[in-house]
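A.B. asks: Sequence and predicted structure, then a few things I'm wondering about:
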Number of protein chains: 2
Amino acid sequence: MYIFKKLSKSACLFLSFFFIMQSLQAQTASWIWYPGDFDIWMSNVMQNRRTERGSFFPPFWKMDSHYALVDFHKEVTVPAEEEVLVKVEGQYNLKIDGKAIPASPGTFRVPAGKHRISLKVYNQAHVPAVFIRGKTIHSDTSWLATFEDKEWIDASGKTSDKSGTTFVPAGSWGMTDMAVLPSAYRLPVKPVEAVKVEKLAGGFIADFGRETFGFVRLKGLRGSGLITLYYGESKEEALSKEFCETLDILDINNPEKRDSVLSLSKAFRFVQVEHGLGIQLDGIGMDYEFAPVNNRGSFRCNDAGINKIWDIARYTFELNTREFFIDGIKRDRWVWSGDAYQSYLMNYYAFFDSPTVVRTLWAQRGKDPVTAHINTIMDYSFYWFLGIYDYYNYTGDKNFVKAIYPRMKTLMEFTNKRRNSEGLLEWMPGDWVFIDWAEGLSKEGAVSFEQVLFCRSLETMALCADLAEDTAAALAYRTQASALREKIFSLYWDEKKQALVHSRIKGKPAGNVTRYANMFGIFFDYFNAPQKQQVKKSVLLNNDVKKITTPYMRFYELEALCALGEQTLVTKEIKDYWGGMLKLGATSFWEEYNPDKSGAGHLAMYGRPFGKSLCHAWGASPLYLLGKYYLGVKPLSPGYATYLVEPSRGGLEWIEGTVPTPKGDVQVYASSREIRVRAARGEGLLRFTSKSKPGRDGASARKTGNGQYELALQPGKSYTVSLRN
Amino acid sequence: MYIFKKLSKSACLFLSFFFIMQSLQAQTASWIWYPGDFDIWMSNVMQNRRTERGSFFPPFWKMDSHYALVDFHKEVTVPAEEEVLVKVEGQYNLKIDGKAIPASPGTFRVPAGKHRISLKVYNQAHVPAVFIRGKTIHSDTSWLATFEDKEWIDASGKTSDKSGTTFVPAGSWGMTDMAVLPSAYRLPVKPVEAVKVEKLAGGFIADFGRETFGFVRLKGLRGSGLITLYYGESKEEALSKEFCETLDILDINNPEKRDSVLSLSKAFRFVQVEHGLGIQLDGIGMDYEFAPVNNRGSFRCNDAGINKIWDIARYTFELNTREFFIDGIKRDRWVWSGDAYQSYLMNYYAFFDSPTVVRTLWAQRGKDPVTAHINTIMDYSFYWFLGIYDYYNYTGDKNFVKAIYPRMKTLMEFTNKRRNSEGLLEWMPGDWVFIDWAEGLSKEGAVSFEQVLFCRSLETMALCADLAEDTAAALAYRTQASALREKIFSLYWDEKKQALVHSRIKGKPAGNVTRYANMFGIFFDYFNAPQKQQVKKSVLLNNDVKKITTPYMRFYELEALCALGEQTLVTKEIKDYWGGMLKLGATSFWEEYNPDKSGAGHLAMYGRPFGKSLCHAWGASPLYLLGKYYLGVKPLSPGYATYLVEPSRGGLEWIEGTVPTPKGDVQVYASSREIRVRAARGEGLLRFTSKSKPGRDGASARKTGNGQYELALQPGKSYTVSLRN
């Protein structure tokens, strides 16, 4: 477990070498494009792969497109003449110092000295993209791009200056293979075999042993006629020709035996294959498709049940981490902002894969003009802002914030225009106020939950305006945010109920209390410490307040309880709720779980017998809770420049694990007697309790209160604290 | 000439039949798409066909794209079950009453009764387009489209209502052939032969007799090796391997003799073909590419020179009328708003081809957000508004105005945001203030010309807001327009100079006078009658005011003179200027003509020996002047519901011709002794002068002043007025 225990000097040298290689890597040529454009294009491709019983099933929101005509340039200084290779996806011209090179050459020579290299690329079908590789000249994110170069030619034939043209750093996914065009981008696959095949009349049913995703491979297929594949996340679904959610019908004419791989990926554990007598096949397998992320986070404890839950959560999250973070692999296979927001948080404790966060944020936002909220849902616009807030907090990546800031601004302009006369947001035609899947949940009037999210979004705008050096806007957002925060308390806080009420209808507070605004108020730190304790009693632990039944909102409810130090309660909840699904044979976590249901009743949703997704990203929330609130690791300043470690075992004997950061891993072990911690980089702060003065490295800890200690953690050093409890 | 003279009863019956067929035609199925999208897509294709000496040469402004995901629907009531054929460009699903039909079928059955047919189409590369043909169900512009259908599915699986979704009538170019996908759209071609071929060392030069446009056909080509084609609008250009503006290099390997047609169209009269000994060919021809418009307008007079000018102007205009109205066929082959605006006006007196106007307006405007003026030029945004004003005036097409109105509004929002502290428009970073190609022309400060165009644009907004029933906006635009009009006079009118001064710099009027604002003030009717006469003297006929040298601005200068009744002067100008080009052997009219130049000097521009376009749409302005101000026909209310005929011979003995309208043609003959006129439909008003009471049909004319008469014209009736002059 503790790799760092074994770290020798040579390993350290190796690590240094690794970082040097990484910075060299930054000078490697890669495909570049207008920032965000490939993300938007690829998300169109990905989201339109969904089918429902053989019919194309696209999203119902606006799909944006890349800029079809883009100009790329860079000013280079070349020590000696060099030959440069160029590959472009699209029709293009290439200029050196404003002079076009005839035709569209595959190589060109750049003389020694300072030059401006520019390419202008047109591509309607795919994203205009450029790959340049010379001795010193490489396409990378130091190139600038614009969709409107304004290269005016005046009457004398001179090109005028570019005053007013906006150039932005090019975007890239780090694709370094010149031979593979960006439009050919595919996630990797690996072969997986069925674990069991049962004969049926007219075919068979194959079981892949657990939930999976990819392309079915029909092995040694020969003959002619129809083959129908009925996919099932459950055996019941695959056996239900009438109601299974996805199927494929193939018209085969293979005179010679060969493997046939389906062209569209599907989510399934079981596949029923039905075919006529004219068809023969040797067997069935699949090409498992996956995102090449790293399993950097880990968690283990003395409870095997919790360990199993963590493993299945990780696998559930792996399946839903694709080109982008999606909601579920069977359904909807779309990039929903509310779902993705939770994935971002889990990601920081599992893969710490920043590129997938960035891609998902670009893809969701699309292009201007804003004609509706993200995914058409009001709350989902806010989660998008919050996603950027957290992304900056966890990664410290200012460049992304600067790049996306203009689109943040226009989304906030859209939102601000929709305020009512009290300055609050309520439903307007074209909006979907979602909050949660919960029967009888009122969306009427100005719902407190939406205002809380709106307020944090404004705070995000202020933060990002600072980073983008938009000073006037930063002040305006900050002022608006603090006014709204006051207003939330003056308009929604009910002294008697010691809670924020659910909504405000026609200028009057509705009397009922729901959990939503109250639990967000806790981990957003909108409540002060006594209020938090009050709200815990009056709302979170109050059975008269309507219970939350979806894993989607359980995520935040359990987070609020953790933030209040109720880890022991949360441990029980995790074991009951997630453990409950495992007892029913789940091999990935579900979109929804209601212990009161039984048998195939667990598979139904949306009025369809197999409508429920049995592999939903939001089902994986223990990854986040156990990392952030048990191992207790979180950044204190952007990108983990400083960070906190505050382990909380939640009733478990011992816990241990790894939390990834942009500066290497933080490793934590905690039992009642000992805490061990080590981080590769950053300035850490270990916070713990001990009845009396702790031992070993804990001896130098600072006492901050009654049994409360803090120990500063230096990078690259291992700490062992002996506790007296 | 006068068809109507020969109209018999049977011809009238035939005409009625024709109109009935036309209205049936409206029920014919055609390809449909989101309105404006094919126009934008096709203009990207067309404008990116430009090359310069073999290099791709795209525009420098933003290219927008179609919506990649579009939902189409129609509520139909079917008397009996019918089978419907469906063809779609893109990936799609098809629903009847919200229920998907499995897969993407080529035919489907609609049961008797009322049903909602909907299709959702995804296409990134091409415009999502639909063709539907059943017994009663047809795809046409009565279908509705949206890019954001908001088909929310709630927790119970129900689709929610579409409140807030904007549905708009589908767009169409009237393509009725199901087998030809919209993306395969091509203008028609016809073969044209070279009129003369001269041998040269290593090849030959072919002369096609006059300026032309299309695809060179190398006949009976055989062998292998390189062929180079050097195109020339002049012989000098085709012979200049070093400086000709366009060329093609082909690498041939044809073991068997066959015709080779070039894949990119070019503008030329001459082609030099150069090839090695390994190549043989039988000859050269071309596929002439043209827009299938009708030559509805005509003009003839006693002066053969003017008739020749009209014919060459018509041919020049034919060449530049393509998928859209472009500036010039060699260069730029782009859709420039200032150029297109003049083409619209010429079109109303030549082809009256409304679809090409509509396409060009959609293409120029593109999509939101507005990031720059149209073609990045401030004046060009205004010409775009003016183009809509005139389009409505000439055609009465409210539906188009309603469809484009939202994009008019956002362009005006962009413009209004760029006003200075005085509410005037002046240069800001990213703007190009063009006005005219004229050396030493100041663009500093708030130029009066821009404010005049801005004011007429605001008047256009008010008019169109009324049509779109946007009452509050109509009032706001009207108020802003009238305030600006007053401001123009209070800030720019110079009592001493009896003219609008050129500009206002840092809050103070610049002293100099230019022609631009003053001539527009005349035909915009911003000046009162005495002012007009003053301005004629103080500006238009004042040689101290810098002369206009481009045909672009000559268009408006001559229009202003015509509007002041100076047709006789204009006749002389036309004969000198356009006749001057003809004397130099022009077979189409040029981008610019300066009589002081000589020889190959006429071919140079932009610092390049063959930079000048010898076939520029704006060179065809006599079409407009002779139709509107000589035949004197123009609408008095939108779409020629009422119209004016006020012939003015400009010193010519007789003139005659046809002016097309949406309600048939207006035919006019005028000499000193007689006016004859006939219009198919609409309520006309003939205005003429006669020293004493006119005869024949003129006997019933109303005397309106000293020698001034007006005669009401009924549709379908021929009038002959004998003049006493």
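C.D. replies: Yep, it's here.

A.B. asks: from memory residue A:450 sits against residue A:431, does it?
C.D. replies: No: with contact defined as C-beta atoms under 8 Å, residue A:450 does not reach residue A:431; the gap is 9.8 Å. In short, each C-beta sits where N, CA and C put it, glycine included.

A.B. asks: Identify the contacts common to the two.
C.D. replies: residue A:378 (C-beta atoms under 8 Å, 6 or more residues apart in numbering or on different chains).

A.B. asks: Neighbour count for those two, which is higher?
C.D. replies: residue A:450 (25 against 22; other C-beta atoms under 10 Å in any protein chain shown).

A.B. asks: Let's verify the more buried one: helix, strand, or coil?
C.D. replies: helix (DSSP: H, G, I helix; E, B strand; the rest coil).

A.B. asks: Skip the chain neighbours and tell me the closest residue to it.
C.D. replies: Sequence neighbours aside, residue A:425 is the residue nearest to residue A:450 in space, at 5.3 Å (criterion: C-beta to C-beta, 6 or more residues apart in numbering or on different chains).

A.B. asks: Any idea what the one you found is bridged to?
C.D. replies: residue A:419 (DSSP bridges).

A.B. asks: Now do the contacts for the residue positioned nearest the centre of chain A.
C.D. replies: Taking C-alpha atoms, centre = their mean, the centroid of chain A lies closest to residue A:344, which sits 3.8 Å from it. Residues near residue A:344 by C-beta under 8 Å, 6+ apart: A:325, A:357, A:360, A:387, A:390-391.

A.B. asks: before we move on, which element is it in?
C.D. replies: Secondary structure from DSSP states H and E places residue A:344 in helix A:337-347.

A.B. asks: Would you mind listing what in the stretch 601-725 of chain A touches chain B?
C.D. replies: A:605-608, A:611 (C-beta under 8 Å from any C-beta of the partner chain).

A.B. asks: Give me the buried entries from those.
C.D. replies: A:605-606, A:611 (16 or more other C-beta atoms under 10 Å in any protein chain shown).

A.B. asks: just curious, which of the residues you listed is nearest to residue B:484?
C.D. replies: Lowest distance from residue B:484 to those (C-beta to C-beta) belongs to residue A:606, with 56.4 Å.

A.B. asks: Just the pLDDT for the closest one.
C.D. replies: On pLDDT, residue A:606 comes in at 92.

A.B. asks: Give me the residues contacting the helix ranked longest in chain A.
C.D. replies: Secondary structure of chain A per DSSP state H: the longest helix is helix A:471-492. Here helix A:471-492 makes contact (C-beta under 8 Å, 6+ apart) with A:409, A:412, A:422-424, A:448, A:451-452, A:454-455, A:458-459, A:461-462, A:465-466, A:500-501, A:504, A:509, A:517, A:526.

A.B. asks: cutoff 7 Å now
C.D. replies: With contacts defined as C-beta atoms under 7 Å, 6 or more residues apart in numbering or on different chains, helix A:471-492 is touched by A:423, A:448, A:451-452, A:454-455, A:458-459, A:461-462, A:465-466, A:500-501, A:504, A:509, A:517, A:526.

A.B. asks: How about the residues of the stretch 151-300 of chain A by chain B?
C.D. replies: Contacts of the stretch 151-300 of chain A with chain B, taken as C-beta under 7 Å from any C-beta of the partner chain, map to A:151-153, A:155-157, A:163-165.

A.B. asks: and with 6 Å instead?
C.D. replies: For the stretch 151-300 of chain A, the residues in contact with chain B (C-beta under 6 Å from any C-beta of the partner chain) are A:151-152, A:155-157, A:163-164.

A.B. asks: Can you list the low-confidence ranges for the stretch 301-450 of chain A?
C.D. replies: Under the criterion pLDDT under 70, no range of the stretch 301-450 of chain A is flagged.

A.B. asks: For it, just list every one of the helices.
C.D. replies: Applying DSSP state H, counting those that start in this stretch to the stretch 301-450 of chain A gives helices spanning A:304-320, A:337-347, A:354-365, A:378-395, A:398-416, A:448-467.

A.B. asks: who are the neighbours of the third one, in terms of helices and strands?
C.D. replies: It refers to helix A:354-365. helix A:37-47, helix A:337-347, helix A:378-395 (3 or more C-beta pairs under 6 Å, 6 or more residues apart in numbering or on different chains; DSSP states H and E).

A.B. asks: Which stretches in the stretch 101-250 of chain A count as strands?
C.D. replies: A:107-110, A:113-122, A:129-133, A:144-146, A:168-169, A:189-193, A:196-200, A:203-232, A:246-261 (DSSP state E, counting those that start in this stretch).

A.B. asks: Out of those strands, which one sits most buried?
C.D. replies: strand A:129-133 (a mean of 25; mean count of other C-beta atoms under 10 Å in any protein chain shown).

A.B. asks: Grab the nearest non-local neighbour of the residue of the stretch 1-150 of chain A found nearest chain B.
C.D. replies: Residue nearest to chain B within the stretch 1-150 of chain A (C-beta to the nearest C-beta): residue A:125, separated by 3.3 Å. Closest residue to residue A:125 apart from its sequence neighbours, by C-beta to C-beta, 6+ apart: residue B:125 at 3.3 Å.

A.B. asks: circling back to that earlier point, closest one to residue B:264 among the strands of the stretch 101-250 of chain A?
C.D. replies: Closest among the strands of the stretch 101-250 of chain A, once you apply C-beta to C-beta, is strand A:113-122, at 14.0 Å.

A.B. asks: for that closest one, what is the average pLDDT?
C.D. replies: Rounded mean pLDDT across strand A:113-122 is 97.

A.B. asks: Kind regards, and thank you for your time.
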